[in-house]
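In: Here is the input, now give the coordinates:
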Amino acid sequence: MLLSELLSAERVKVPLASRTKSDVLRELVALVAPSAGRRGEAVDPESILESVRERELVLSTGIGDGVAIPHGKTPHVDQLVLAAGVAHEPVDFDALDGKPVQLFFLLVGPESAAGAHVKALSRISRLLRRESLRASLVAAQSAPDFLRLIRDLEVA
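Out: Purely as a prediction, here's the structure:
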């Protein structure tokens, strides 16, 4: 599974407008909701947001090094959906290392795709261990630039 297959320019926002954790989650969910449902239909953003917030209550998805991977499972989607964004001003996201976050990847999927969900989370975190990639993604000037960086790394 390639992240570039789960992402599209419509689901990448550079820069994010939000300045709080709650607003970032809402902004990222707004990127996936229009096409996250069965057969690419729109889903009520609140239903997705609720599943992501429930997951955040368990443990922050701010994994450190300026990265957060908020995620959730909901019966309102039938396949994995990924969105990404860059905050030019770091956001306090209750990250595990206590540092603010600039790079966000939101993953939403159905309960039935638990294995694929875990694999996608693992792939994201593995790619983002590379400091040079994180810096390049934060410096991306547009959604197409952001996507190109991901694609180039995945095919390398």
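
In: Tell me how far the closest residue in space to Leu107 that isn't next to it in sequence lies from Ile63.
Out: Spatially, and ignoring its direct neighbours in sequence, Leu107 is nearest to His71 (4.1 Å; CB to CB, 6 or more residues apart in numbering). Backbone N, C-alpha and C define where each C-beta goes, glycine included. Distance, His71 to Ile63, by CB to CB, to the nearest Å: 11 Å.

In: dump the residue contacts of the residue nearest to Leu107.
Out: Contact analysis of His71 by CB atoms under 8 Å, 6 or more residues apart in numbering lists 52, 55, 61, 106-109, 117, 121.

In: how far does stretch 85-101 sit from the chain's center?
Out: Counting by CA atoms, centre = their mean, to the nearest Å, stretch 85-101 is centred 13 Å from the centre of its parent chain.

In: And for stretch 54-71?
Out: For stretch 54-71, the distance to the chain centre is 10 Å (CA atoms, centre = their mean).
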